[in-house]
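[1] Quick one, structure for this:
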Amino acid sequence: MGKSVRETIKDITYSHLKEKDGLCFGQCLTAVGWVGGTLPELYEDDGMIEVTTADVANGGFVVGAGLSGRKPIYVVRYQGFQWYNAPMIVNYASKSKEIWDIPCPVFVRSIAMEGGMGPVAGSSHHSLFQRMPGTKILSPMTPKEYEYAYNEFMNDDEVYYISEHRRSYDNTEEFENILHDESDIVLFPISITRFDAEEARKELEKQGLKVSIIHQLWIKPFIFKEEWKRCLNNSKYGGIVLDDDYEQGVASSVAHRMMIDSNKKVYTMGLEHRTAGFHPDRDNLPPSPKQIINKVKEITCLIGNL
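    Alright, predicted model coming up:
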């Protein structure tokens with residue numbers, strides 16, 4: 001068995017600080033559980049820097065490090081906290097290269113989780129950064145994908161927003177796209193929905209449907225390869241974009257672009273357009289395998305009866 005995502009991130013961070021003169025900022029970096037065991041046992045002298053609990057200020061430290069050429073890693077332990085951290089990142093780090101011709105590369109590790117976290121912490125919020133210039137967004141869910149994302153950042157001079165999810169940290173497997181010549185439907189999952197989409201695909205195939213799945217690592221810039229477009233155009237019922245951010249965010253934007261570039265209807269699934277609560281009845285969760293299966297059946301029955 002190969003390394004897990006957790007072990008991969010830990011190794012990358014160690015190398016970044018000890019071998020590449022990098023820095024790592026964040027809250028509760030050494031506290032058990034807060035960052036999912038993804039950091040090595042390093043300290044301030046090594047470049048592992050604990051910042052204040054005032055999220056609105058921490059982005060300023062990171063921007064300063066980015067401007068100095070230290071290529072900082074910035075760990076935000078809950079993606080919901082990006083609403084406090086985003087102003088410094090999007091107004092300074094992301095715009096610095098374009099406005100002042102001074103790059104400010106920052107590797108933003110934004111950690112999502114699902115369930116029981118109430119209205120502030122919660123799931124993914126990559127939509128917040130999607131429409132801002134100067135920021136690239138990836139959502140790696142496998143060890144090789146994470147290594148790829150980090151290497152892209154190290155060879156670039158822009159802000160990289162890495163939309164992580166705690167549920168992926170134990171994963172040791174890699175995803176493979178499955179493209180049928182003539183699918184019934186094509187799934188385009190983002191972030192943690194990739195695991196649930198795989199489970200749904202396997203069940204739907206057992207029930208006789210031919211389901212293609214195309215995993216979305218890159219969120220921005222939008223990538224829609226010709227072979228993916230052909231797969232969608234050759235499908236019977238179109239596609240579904242799945243996300244664990246709000247449905248009206250990245251999922252809707254990506255689906256719109258796909259429909260412009262193809263001749264097929266593309267549906268969306270994501271978080272409901274409401275605030276999550278702490279009680280299980282008020283939680284706001286990404287689409288489950290069962291919900292994905294039901295959505296596929298709803299689409300195929302609806303179009304099949306037209």
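[2] State the helix or strand in which Asp245 lies.
    Asp245 belongs to strand 239-246 when assigned by DSSP states H and E.
[3] on contacts alone, who are the packing partners of that strand?
    Strand 239-246 sits against strand 185-189, helix 193-206, helix 250-261, strand 266-271, helix 289-304, with contacts defined as 3 or more Cβ pairs under 8 Å, 6 or more residues apart in numbering; DSSP states H and E. Glycine gets a C-beta too; all of them are placed from N, C-alpha and C.
[4] Let me know which of these is tucked in deepest.
    strand 185-189 (a mean of 28; mean count of other Cβ atoms under 10 Å).
[5] can you list the residues that contact that strand?
    For strand 185-189, contacts defined as Cβ atoms under 8 Å, 6 or more residues apart in numbering pick out 196-198, 200-201, 209, 211-216, 231-232, 235-243, 254, 258, 266, 292, 296, 299-300.
[6] Sketch out the low-pLDDT regions of the stretch 151-300 of the chain for me.
    Along the stretch 151-300 of the chain, no part satisfies pLDDT under 70.
[7] the helices in this structure, which residues?
    Ranges of helices in the chain, per DSSP state H, are 5-18, 55-67, 82-88, 94-100, 127-130, 143-154, 193-206, 226-233, 250-261, 289-304.
[8] Val62 and Glu226, how far apart?
    Relative to Glu226, Val62 is positioned 38 Å away (Cβ to Cβ, to the nearest Å).
[9] and those two? which has more neighbours close in?
    Val62 (30 against 8; other Cβ atoms under 10 Å).
[10] quick one: that one and Lys95, what's the gap?
    15 Å.
[11] Likewise for Arg282?
    Look at Arg282 and Lys95: by Cβ to Cβ, they are 37 Å apart.
[12] Compare neighbour counts for the two and give me the winner.
    The neighbour comparison of Arg282 against Lys95 (other Cβ under 10 Å) goes to Lys95, with 17 against 12.
[13] Report the beta-bridge partners for Tyr246.
    Here Tyr246 sits in beta bridges with Leu271, going by DSSP bridges.
[14] Spit out the contact partners of it.
    For Tyr246, the contacting residues are Ser127, Gly270, Leu271, Glu272, His273, by Cβ under 8 Å, 6+ apart.
[15] In JSON lines, list these along with distance to Tyr161.
    Converted to JSON lines, the contacts of Tyr246 look like this (distance: Cβ to Cβ, whole Å):
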{"residue": "Ser127", "distance to Tyr161": "11"}
{"residue": "Gly270", "distance to Tyr161": "18"}
{"residue": "Leu271", "distance to Tyr161": "18"}
{"residue": "Glu272", "distance to Tyr161": "23"}
{"residue": "His273", "distance to Tyr161": "22"}
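[16] That'll do, ta.
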